[in-house]
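In: Kindly return the folded structure for what I paste below:
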Amino acid sequence: LQVACPPSQPVSSEGRRFTSKHSKKALKASLTLGILLGMFFVAWLPFFVTNVAQAVCGCVPAGFFDVLTWLGYCNSTANPIIYPLFMRDFKRAMGKFLPCCRRPGEPRPSAVSLSLRNSHSGPRAAASLKNVL
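Out: Here you go, the predicted model:
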């Protein structure tokens, strides 16, 4: 038996660009997630395995347990380093608020503009105590 396949439609260059751009983003996101999860497992898995072993046999020295605990804490320290390395949006957002990451000539956001931006509303008319009560 032979099954006739409909001829495939030619893909426009615009469709290829979108697919290519989308696949690059997906690949980069997968890579970042893989690195973050890999570091999490490398840092915390020995701690949890040792924790279970300690509960079962009580044969884990306290100093070794402390070293594994600090290895897990180091993972939390590494996350703020990994995110800016792989995520441009995160790097840009951090650059707005941290003086060490800001580009020269870029103005520092004021506290008022930050509170207005986070309040999800526009500027409000000044309300006096009489109007409120």
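In: I'd like the distance between the residue lying closest to Phe47 once chain neighbours are set aside and Asn79.
Out: Nearest residue to Phe47, sequence neighbours excluded (C-beta to C-beta, 6 or more residues apart in numbering): Leu68, at 4.3 Å. All C-beta spots, glycine's among them, are computed from the backbone N, C-alpha and C. Applying C-beta to C-beta, to the nearest Å, the value for Leu68 to Asn79 is 18 Å.
In: Between those two, tell me which one has more neighbours.
Out: Ranked by neighbour count (other C-beta atoms under 10 Å), Leu68 and Asn79 place Leu68 first, with 19 against 11.
In: which ones are touching the more buried one?
Out: Residues in contact with Leu68 (C-beta atoms under 8 Å, 6 or more residues apart in numbering) are Pro46, Phe47, Thr50.
In: List the residues that contact the last one.
Out: Spelled out, it's Thr50. Thr50 is in contact with Val60, Phe64, Phe65, Leu68, counting by C-beta under 8 Å, 6+ apart.
In: What of the first one?
Out: The contact partners of Pro46, by C-beta under 8 Å, 6+ apart, come to Leu68, Leu71.
In: per-residue pLDDT, it?
Out: The score at Pro46 is 94. That number is its pLDDT.
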